[in-house]
Every structure is written in structure tokens, then in C-alpha cells.
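In: need coordinates for the following:
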Amino acid sequence: MTTSHEIFYDNDRLCITLAIGDNVLKGYDSPANKQSAFLYHAAHLEEVDWQSLQMVGDRCCMVFMPNDLFSGIPVDASELATSLRPRSLELLRNLSYAIEQAGDRLFWNLNSIPLSNIMFFENGDILLLSDQMGDAMDRFELDQQRRFNKDIWYVHNCAEPFARTHFLFQLLYFALTGIAPFESEAVRENEFKAIPIGLLFPEASSQGTEGSVATPDLKTIFSQIDKSLSDNKKFQYSIKKPYLFFREIIDSLLNVPPALLTPGDNPNMKAYFGKIEKRAKVKVFFRKKGVKVACIIAACAIVLSIIGFYVYNAVKPPLTRDLNEVEIIQYYYDALNDLDTERLSEPLKNGYDSPDFSQVTYLFITSKMQFSIEGHSLVKSPTTWQAEGMGPLPPSSIIYGVTDLSITEVSPDVYRATTTLWTSSNELDETNTLIEEEGMTVYKYQQVTEFTFRTRGDWREITNIENISLEPLDTIHVDYVSDQSPTLGL
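Out: The predicted model follows:
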């Protein structure tokens, strides 16, 4: 079987050949409810009926009802760049009117129209086939023919209602240059950025004609065509009447001398196309092997980041670099009272956790959760509580921190810190922590802790913290704050 769209008349019926051969209609069901085609004639769009798909001799044809408006043998839009080129601007202008009047009545998918669905008569009339008719033609086409008629005419994710106009600009580009703007695989891989039309008309671009009624500025026109073929939605939204905008471009081109609209060889074209082909190969490579490459890169990045993290932490100086041992211990207890886990770890040897780290972390998280839920934290340092007069506290409050810090040197590398530890927990026997209904108990201890130091680089750091003793000093009963919230009346 061979395919062809040869057009002829049989008993005054327009017939479009779809295939030649015996039994080509076998297994094909003609639609019961046929969508009408449309004929653009005398500036109006007329519905025209078609009979069916049937055999006419040895040809499988799409057969129309006899129609007096049909004049001569039409040709499809694939001829815009060849036999129809001398008249292409006028034909495209008429096509814009036809598509504008058709609206959504032809149910075209993705706003692009198969070239075989657009047929031009010699007198300028235009026959537009419906989706249903196009699907019937598509059933019999070869892959190469189907690709040229349909697949290469791609409409970007355009702003409405610019999409149909975007397709018209593709046809204009094709009619002027003989090249479908998105046919090249390199162009499609390059984010569907069509070759700038000015590169295909080097003589017109080099002349830089000044805009006038007689000879418009071609550079400006070419720039408008390039923008219309892009996916620049900002530009598309700025065009309030897309079909009128397209016809204005056509009118401008009709005033350009035909000699300037003849494509020519451009020495810059080879370099431009080589550049986008190289970029396209890179994108194809990453699309086909990108997951594998990405996984390898990610794995390497993770390994390097882990190694880098440990190396960085092993060699970076701490924030306490310029402090002596006494100042470092003071820095440590300030961080403890502020529940600042980052500062608490700053003067420590890399990889060493202080015995206070778990408790401080727990209270830090508790404080943040209370703040996010209730808008305030119930974890108080003893310094703050003492400044407030050690009065009643809200239920669920927690006291934690140290006061009365004193430091003595035991040896050049060992320092002993004596503090008063305030806490809401019984640190000597957690199972005997007092639970009171009308208040809470705060425990007060004297704690002795030894800090061992070493020199690394030009700073001192803590390598060990050991709690030497913990002696109870007092237990303090604290009442809960009474509920002052107003009672809502019923």
C-alpha cells in the first residue's frame, strides 16, 4: 500500500486520496456523527459536509458532498514554502481570519493544525478539515508524512489566546524560509528556540533598512517574529489582539521588496548551528544518562562533604580561640545557662560531648516547643528567677542553670569549677523527685567539676569534663501562679 493526498473530482464530489490499494478500508469504521469541515469563502466561514471514507476505483478517499463553492483543485499548507510561496503572505492573512472565525468549532488539539488539514484553493478560498477528518487521514499516513504534517508543528505553553497565533507564525517562518522552525532535533533540544530568522536573510539584515511606510524596518519585523515563536509569556500577554498583531506583521512584509525576502547563505549560520548542536548533545546525554551521572555525582558529593566536614571541624579554630582557661570555663557555663548547644560544644575537643549536653539539648527542645505552642517558654535560668524575686511560677515550669561560679587551677592542664546548680529534678535520686499538686520543688546543689585542657594550634580546648562531687544544699518549695484568666459567661 502507498499513501498520497492527491486530490481530484468524481461526479462533482471533491475527493482527497488517502491510500491506494485493495482492502485498505478493511477494519476501519467511519464515524456515525461526522464533524463538518469549514470553507473560508468571501470573508465568511461556511460549513461543508463530507460523505464518508470510501473506495473510488482503487483509491481510498475522503469524499465531500457536491458543493458549488469549490473551485479547482486545492493544495495543502505544505506548499506554502514552494508552489504557494509567491502568494503565501496573502494566504496566511486569510488563514488568520479563517482560524479566528472558526474558534473552537474544529476541536484542534494543542492549538496546532496538521498541514494536511489546511487546503488552499486557487481563488484564495481555504478549506479547513476538522479533527475527526484529520484523524482519518492520519490513519493511512506513513510515519515520515505524519511527522511533517503534524509532529514538527509544536506550540509552546503559550498564554491564551496567543497559541493559535504562535502556530500562524510558525507557518509564516516556514513560508519565508522553507524551514519548519522546530523541525530540527537540535532546535527542539535547545528549548525550542528557533533559529533567528534574521540569520536566514543576511542581505536584508545587513542593509538595516530604516522604517518607513514604503520599506519597514526588517530587523524590527524579524525581532517580532522571533519573539512570537518563543515561550515569552510576558511578550504574549502584551499582545491584546493576537490575530490583528499577526496581520500587522503580514502587512509590513507585504511592503518589503521581494528581493529582500529571499533567503541567502550566511557564514555565521554554521557557527550558530554548531553551537546549538553541541548544547543539544549535552542535553541528550544528561537526559539518557543523567540519573546515573547524578547519582554518581551525589554520592561523590556526600562522601566529600562528610570528609570535608570532619577535616574542617578538625582544623578550624573555635570561637574561644583567644580565651584563657578561666574564660573558657566561664564561656561554657554561660552557654549552659542560655541552653545554647552550639556554644556549649565550641570549646570542646572535636568529637567530645560534655556530660551536660543531653540535659541542655532536652531543655532547649522543650523550650522551643513551648514557645511555638504557647508563645512563651517555661524554662528559666536561676539568674532570671532570682532577678524576678524567686516568686511563684506557672505550672510545668522548669528551673535549670548554675550560679556562684568559682574557678581554681589544679595543674597547668586541670581546672576545678565550683558552682551552685539549680534544677527541678532530684539529681541524686531521680525516683524520689518530689511531685506537688499546689506547687513545685527546686533543688539546690553545690557541684564541683574538673576541666582538663590541651593545646591545639595556638588555642586551648577542653578534652574532658568530670563531675567530682554533688552536695545538696537546699530544697525550695515554689507555689504555682493562680489562674487569672476570666471566666466566660454562658
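
In: Ile451 - how many residues pack around it?
Out: For the record, residue 451 is Phe, not Ile. Residues near Phe451, counting by other CB atoms under 10 Å, number 23. All C-beta atoms are positioned from the backbone trio N, CA, C, and that covers glycine.

In: identify the residues contacting it.
Out: 325, 328-329, 332, 414-417, 462, 464-465 (CB atoms under 8 Å, 6 or more residues apart in numbering).

In: and which of those residues is nearest to Asn67?
Out: In terms of CB to CB, no member of those lies closer to Asn67 than Tyr332, at 96.5 Å.

In: what's the closest non-adjacent residue to Cys158?
Out: His166 (5.0 Å; CB to CB, 6 or more residues apart in numbering).

In: shouldn't Thr165 be in contact with Tyr243?
Out: Yes. In this structure Thr165 lies within contact range of Tyr243 using CB atoms under 8 Å: 6.2 Å.

In: where do the contact lists of these two overlap?
Out: In contact with both Thr165 and Tyr243: Ser96, using CB under 8 Å, 6+ apart.

In: give me the more crowded residue out of these two.
Out: Comparing Thr165 with Tyr243 by other CB under 10 Å, the one with more neighbours is Thr165, at 26 against 18.

In: show me what contacts that one?
Out: Contacts of Thr165 by CB under 8 Å, 6+ apart are 96, 228, 239, 242-243, 245-246.

In: low-confidence ranges, this structure, go.
Out: 1-4, 27, 29, 32, 107-110, 204-216, 289-290, 308-315, 430-437, 483-490 (pLDDT under 70).

In: ok, longest strand in this protein?
Out: strand 459-479 (DSSP state E).

In: pull out the buried positions in that strand.
Out: 460-462, 464-465, 478 (16 or more other CB atoms under 10 Å).

In: which elements pack onto that strand?
Out: Applying 3 or more CB pairs under 8 Å, 6 or more residues apart in numbering; DSSP states H and E, we find strand 459-479 packed against helix 325-337, strand 414-423, strand 439-456.

In: and the angle from that strand to helix 325-337?
Out: 40 degrees (axes from the mean of the first three to the mean of the last three CA atoms, to 10 degrees).

In: the top helix by length along the chain vs strand 439-456, what angle?
Out: For the chain, the helix that runs over the most residues, judged by DSSP state H, is helix 267-315. Per the same axes, to 10 degrees, the angle that helix 267-315 makes with strand 439-456 is 100 degrees.

In: which strands and helices sit next to helix 267-315?
Out: Using 3+ CB pairs under 8 Å, 6+ apart, helix 267-315 sits against helix 185-189.

In: all helices for this protein, in order.
Out: 88-102, 131-140, 143-146, 163-177, 185-189, 202-207, 218-228, 233-238, 242-254, 267-315, 325-337, 341-345, 357-374, 382-387.

In: go through those helices and pick out the most buried.
Out: helix 163-177 (a mean of 23; mean count of other CB atoms under 10 Å).

In: pull the distance from that one to the chain's centre.
Out: 27 Å (CA atoms, centre = their mean, to the nearest Å).

In: surely Gly72 and Asn123 touch.
Out: Yes. Using CB under 8 Å, Gly72 makes contact with Asn123 at a distance of 7.1 Å.

In: for Asn11, grab the count of nearby residues.
Out: So Asn11, with other CB under 10 Å, has 8 neighbours.

In: so what's it up against?
Out: Pro66.

In: tell me how far it lies from Pro267.
Out: 57 Å (CB to CB, to the nearest Å).

In: same question, Ser252
Out: Looking at Ser252 against Pro267, where the rule is CB to CB, the gap reads 27 Å.

In: again, but for Ile373
Out: Where Pro267 is concerned, Ile373 sits at a distance of 71 Å (CB to CB).

In: just to revisit the earlier point, show me which pair in the contacts of Phe451 is furthest apart.
Out: Largest pairwise distance in the contacts of Phe451, by CB to CB, is 14.9 Å, between Tyr332 and Val414.

In: using PDB, write out every CA atom in stretch 56-67.
Out: Output of stretch 56-67 as PDB, limited to C-alpha atoms (Å, rounded to 0.1, in the frame of the first residue of the first chain):
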ATOM      1  CA  VAL A  56     -13.200   5.400  -5.600                       C
ATOM      2  CA  GLY A  57     -11.700   2.900  -8.100                       C
ATOM      3  CA  ASP A  58      -8.500   1.700  -6.400                       C
ATOM      4  CA  ARG A  59      -8.200   4.700  -4.200                       C
ATOM      5  CA  CYS A  60      -9.300   5.100  -0.600                       C
ATOM      6  CA  CYS A  61     -10.700   8.700  -0.500                       C
ATOM      7  CA  MET A  62     -12.300  11.200   1.800                       C
ATOM      8  CA  VAL A  63     -15.300  12.200  -0.200                       C
ATOM      9  CA  PHE A  64     -17.200  15.500   0.100                       C
ATOM     10  CA  MET A  65     -20.800  16.300  -0.900                       C
ATOM     11  CA  PRO A  66     -21.000  18.200  -4.200                       C
ATOM     12  CA  ASN A  67     -20.500  21.900  -3.500                       C
END
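
In: quick one: contacts of it?
Out: Here stretch 56-67 has contacts from 6, 10-22, 24-25, 37, 39, 48-55, 70, 133, 136-137, 140, using CB under 8 Å, 6+ apart.

In: can you rerun that using 7 Å?
Out: 10, 12-22, 24-25, 48-54, 133, 136-137, 140 (CB atoms under 7 Å, 6 or more residues apart in numbering).

In: only the buried subset of those, as a PyMOL command please.
Out: Per 16+ other CB under 10 Å, the buried members of the contacts of stretch 56-67 correspond to this PyMOL selection:
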select buried, resi 13+14+15+16+17+18+19+20+24+25+48+50+53+133+136+137+140
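
In: among the contacts of stretch 56-67, which are located in strands?
Out: 10, 13-20, 48, 50-54.

In: farthest-separated two in those?
Out: It's Ile20 and Val48 that sit farthest apart of the ones in strands among the contacts of stretch 56-67, by CB to CB, at 24.8 Å.

In: residues contacting the nearest residue to Leu319 once chain neighbours are set aside?
Out: Leaving aside its sequence neighbours, Leu319 sits nearest to Glu346 (CB to CB, 6+ apart; 5.0 Å). Residues in contact with Glu346, defined by CB under 7 Å, 6+ apart, are 318-320.

In: and which of these is nearest to Met369?
Out: Distances from these to Met369 were compared by CB to CB; the smallest belongs to Leu319, at 27.3 Å.

In: give me the neighbour count for that closest one.
Out: Leu319, neighbours per other CB under 10 Å, totals 12.

In: re the thing from before, so how far is the longest helix of the chain from its chain's centroid?
Out: With CA atoms, centre = their mean, you get 19 Å for helix 267-315.

In: I'd guessed Ser112 sits against Phe167; true?
Out: Yes. Shown here, Ser112 and Phe167 form a contact pair, counting by CB atoms under 7 Å, at 4.9 Å.

In: mutual contacts of the two, please.
Out: 153, 155.

In: show me the protein divided up by domain.
Out: The chain breaks down by automatic domain parsing into domains covering 1-151, 155-288, 325-479.

In: nearest to Ala294, of those?
Out: Nearest of those (CB to CB): domain 155-288, 8.3 Å.

In: measure the closest one end to end?
Out: Taking CA to CA, to the nearest Å, the first and last residues of domain 155-288 lie 24 Å apart.
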